[in-house]
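Peer 1: model the structure of this input:
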Amino acid sequence: MIQKNKRIAIVILNYNGIKLLKKFLASVVNFSDKKISSIYLIDNFSTDESIKYVKKKFPSIRIIKNKINLGYAEGYNKGLELIKSDYYILLNSDVEVTKNWLNPLFNLMESDNNIVACQPKILSYNKKDYFEYAGASGGFIDKLGYPFCRGRIFDTIEKDSGQYDNKIQVFWASGCCLMIRSDIFHKLGGFDNYFFAHMEEIDLCWRINNLNLKIYCEPKSKIYHLGNQTLNKSNPTKTYLNFRNNLIMILKNDHFINLIWKLPTRLILDFFAFLKFFMKKESRKHGISILKSYRDFILDFKFNFSKRNKIVGESSMIYKNLITIKYYIQNIKKFNDL
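Peer 2: Numbers count the residues shown, from 1 in each chain. This next block holds a predicted model:
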C-alpha cells in the first residue's frame, strides 16, 4: 500500500543494523522537524532484532519490509515505490544528524525548482573536525570520471575550518544523505539496480546533470557519518564495485564521442592501479578485483550500453582537468588549490 507522507520522507535503509540504529536513530527522531517530515525504515530482510527494536523504541517510524536483501540500489528503489512525498532524504543508518539539519536543505529545494537534489556538509563521526570521505562538502568528477569532493581528493581528507561553508552547485550529492525530489527520482528510474552498492548516487546525479538540472551542497546543514559500514575499505569487493560501477556510469552517461578516448585511457590508468595493488602481497586481492571489474564490464557491455539516455548537454560541473595528474604529479591535495 502506498503511504501518504508529509512534505519530506526521511528514508533509512537497514540490513542487520541494530547496533547502528541504537547508536544513531535517536538523533534523527529528535532533530527532524515533525511538521514537515516523517521517518521511514526500509528493511532489507534483516535477520537480527532491527525491526523489533524500532517498533518498540520508535513507534512513529513507518517500516517497509523487502522480502530479500536487495542491496542499496534496489532496496531503496523497491521501498520508495510505496512512499508518496514531495521530497526523499535517503539517509544512511550510520549518520548522526544535528539540530536544525533539515530546514536548510528544505529551504534550498523550495527556493528553486531547478535544484532537484542536494546534500549537507558531511563530517567524520570519529574525527568530528574533519570531512568524511563519502561526500564531504559536495562531489565532483573529472573528465575521466574519477570522483572527488570539496574537502576530499582520493585518500586525502581535509580538516574542516569553514573553508567550504558556502553553498554551491556540485556534480553529485552523497548517497549517505541525499535529498531529492521524488518526481525526478522516479522519472529517472531511481538507482541502477545493477550497481548493487557504491557509486549509484553518482550515476543518478550524472543523469540529473544530463537534463541540465541542478544539484547543490548546503553546508548550513551538518551531519556526522561513521562510514565503511556496507563494505570496509579493506574489502576487495568494494574495490571491485568501485571500479566496475565507475566504468558503467561513464558508459551510460557520457557523450558517445568521449567514450572513444576515455575508456582506453581509463584502461591504461587502471592498469597502473592494478600493478600498484598486485605488487604487494597484502593488497593482491584488490588487484585481482580490478581485473574482475573489467571482465564483468566487458561481459555486460551491451546490456549497460542499452541504458544510455538522451544527453541534453555536458555539465559545466565536470572538472575539465585530470584529477590524477593534479594529485599524483603536481601534488595538489586540497580542493581549493585546484
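
Peer 1: just read off the phi/psi values of His186.
Peer 2: phi -80, psi -30 (degrees, to the nearest 10).

Peer 1: mind checking how far it is from Tyr164?
Peer 2: Counting by CB to CB, to the nearest Å, the gap from His186 to Tyr164 is 31 Å. The way it works is simple: take the backbone N, C-alpha and C, and place the C-beta from them, glycine included.

Peer 1: I'd like the average pLDDT over the strand ranked longest in the chain.
Peer 2: Longest strand in the chain, counting residues (DSSP state E): strand 214-225. Averaged across strand 214-225, pLDDT comes to 98.

Peer 1: return the distance of the next helix or strand after it from the chain's centre.
Peer 2: For strand 214-225, the following helix or strand on the C-terminal side (DSSP states H and E) is helix 236-253. Put simply, helix 236-253 sits 13 Å off its chain's centre (CA atoms, centre = their mean, to the nearest Å).

Peer 1: buried ones in helix 236-253?
Peer 2: For helix 236-253, the buried set under the neighbour-count rule, 16 or more other CB atoms under 10 Å, comprises 236-253.

Peer 1: where does pLDDT dip in the protein?
Peer 2: 1-5, 229-233, 312-313 (pLDDT under 70).

Peer 1: for it, longest helix please?
Peer 2: Determined from DSSP state H, the single longest helix within the chain is helix 256-278.

Peer 1: and after it, which helix or strand comes next?
Peer 2: Following helix 256-278 in sequence, per DSSP H and E, is helix 284-299.

Peer 1: hang on, the earlier thing: and the longest strand of the chain, what other elements does it pack with?
Peer 2: In terms of contacts (3 or more CB pairs under 8 Å, 6 or more residues apart in numbering; DSSP states H and E), strand 214-225 is packed against strand 95-97, helix 102-111, strand 115-124, strand 168-170, helix 200-209.

Peer 1: looking at His186 and Tyr164, which is more packed in?
Peer 2: Tyr164 (20 against 13; other CB atoms under 10 Å).

Peer 1: just to check, Leu108 is in contact with Ile115?
Peer 2: Yes. Here Leu108 reaches Ile115: they are 6.4 Å apart, a contact under CB atoms under 8 Å.

Peer 1: which neighbours do these two share?
Peer 2: Common neighbours of Leu108 and Ile115 (criterion: CB atoms under 8 Å, 6 or more residues apart in numbering): Tyr216.

Peer 1: the most centrally placed residue in the chain in helix, strand or coil?
Peer 2: Residue closest to the mean C-alpha point of the chain, counted by CA atoms, centre = their mean, is Gly175 at 2.7 Å. When classified by DSSP: H, G, I helix; E, B strand; the rest coil, Gly175 comes out as coil.

Peer 1: and what of Met179?
Peer 2: Assigned by three-state DSSP, the conformation of Met179 is strand.

Peer 1: that concludes my questions; thank you for your assistance.
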